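> Below is the sequence, then the predicted model.
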Amino acid sequence: MTNPEFDNDEITIDLTELIMVLWSEIHIILLSGLLMALLAFVGTRLFITPLYTSVTQMYVLTKQDNNANVTYSDLQTGTQLTKDYMVLIKSRPVMEQVISQLNLDMEAEQLADMISVETETDTRVLNISVRNEDPKVAKELADAVRLAVGVQITEIMDAEAVNTVQEGNLATSPSSPNTMKNALIGGILGVIIAIGVIVLIFVLDDTVKSPDDVEQYLGLNVLTSIPIQEGAEKSKTKKVRGLSAKKLMGSKKR
């Protein structure tokens, strides 16, 4: 008879035993983390193309700014107009003008994907960032976009002027990918996978390994146990095999 507490399909997990199992396999967990971190590091170095980022800044001077009596409402309006400028920067006319100016072999959507626009906190300074495999090309694109959007803003938004805060910088080191970050993520992922596999094996393992397991899972009392030595078992097996071989040889002679 089995223990009625375990007749249902629920699986109970002893957290203390699970922690002990994880601790006993800590070398596998750490090795898995190191291996995955190494694979992520090598993969990032070999298979991901580094990109360089050039950043240029511009400031749009509206006609309201020339008025000596600038109200708070005017400042709010200028801040909201900044969002319109951000849309114009990645608009098709600006992208096509830059492509034509630099004689680029790409579509407007491809160029727009290389560009990101943001504003400094509580300011109307626009940051235009351009990513490219070549740092010189990234700088040329950033400056060309700034000039092209300046024309669009003055014509469409009727702005007073578009002033350059700083030209695009020539990056000396890649902005992406972050090799160490990818290696760290790979190491953490390796540790999580190893722990998951060990926990899964622990949960699915329903074999009885000790007399305590018999009492716990089956509700039976163990009267006695017979220890079996591994060496004795192997020698017994060898004797049986040898005896069978002798009998087989004798039957052939007959």
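That came through fine. Residues are numbered from 1 along each chain as shown.
> Helices of this protein, residue ranges please.
Remark: helices assigned in the chain by DSSP state H are 15-24, 26-47, 72-89, 92-102, 108-113, 135-156, 179-204, 211-213, 230-253.
> Check the ones you listed for me and report the most buried one.
Among the helices of the chain, helix 135-156 has the highest mean neighbour count (mean count of other Cβ atoms under 10 Å), at a mean of 20. From N, CA and C alone the C-beta is placed, and that goes for glycine too.
> Mind checking the pLDDT average for that one?
Computed over helix 135-156, the mean pLDDT rounds to 92.
> Check which helices and strands it is in contact with.
Under the contact criterion of 3 or more Cβ pairs under 8 Å, 6 or more residues apart in numbering; DSSP states H and E, helix 135-156 touches strand 52-61, helix 72-89, helix 92-102, strand 125-132, strand 161-166.
> Ignoring the adjacent residues along the chain, who's closest to Gly168?
Once flanking residues are discounted, Gly168 sits nearest to Ala142: 3.3 Å by Cβ to Cβ, 6 or more residues apart in numbering.
> For Glu118, give me its contacts.
Counting by Cβ atoms under 8 Å, 6 or more residues apart in numbering, Glu118 touches 86, 126-127, 129.
> Which of the residues you listed has the largest number of neighbours?
Counting neighbours by other Cβ atoms under 10 Å, Leu126 comes out on top of these with 23 neighbours.
> From Gly168, how far off is that residue?
Using Cβ to Cβ, to the nearest Å, Leu126 is found at 13 Å from Gly168.
> And Val117, by the same measure?
Taking Cβ to Cβ, one finds Val117 at 14 Å from Gly168.
> what do you get for Thr16?
60 Å.
> got it, and Leu31?
On the measure of Cβ to Cβ, Leu31 and Gly168 end up 46 Å apart.
> count of neighbours near the closest residue to Asp84 other than its chain neighbours?
Nearest residue to Asp84 in three dimensions, chain neighbours excluded: Met157, at 6.6 Å (Cβ to Cβ, 6+ apart). Residues near Met157, counting by other Cβ under 10 Å, number 14.
> What distance do you get for Met157 to Asn182?
For Met157, the distance to Asn182 (Cβ to Cβ) stands at 41 Å.
> try Ser32
Note on Ser32: its distance to Asn182, by Cβ to Cβ, is 17 Å.
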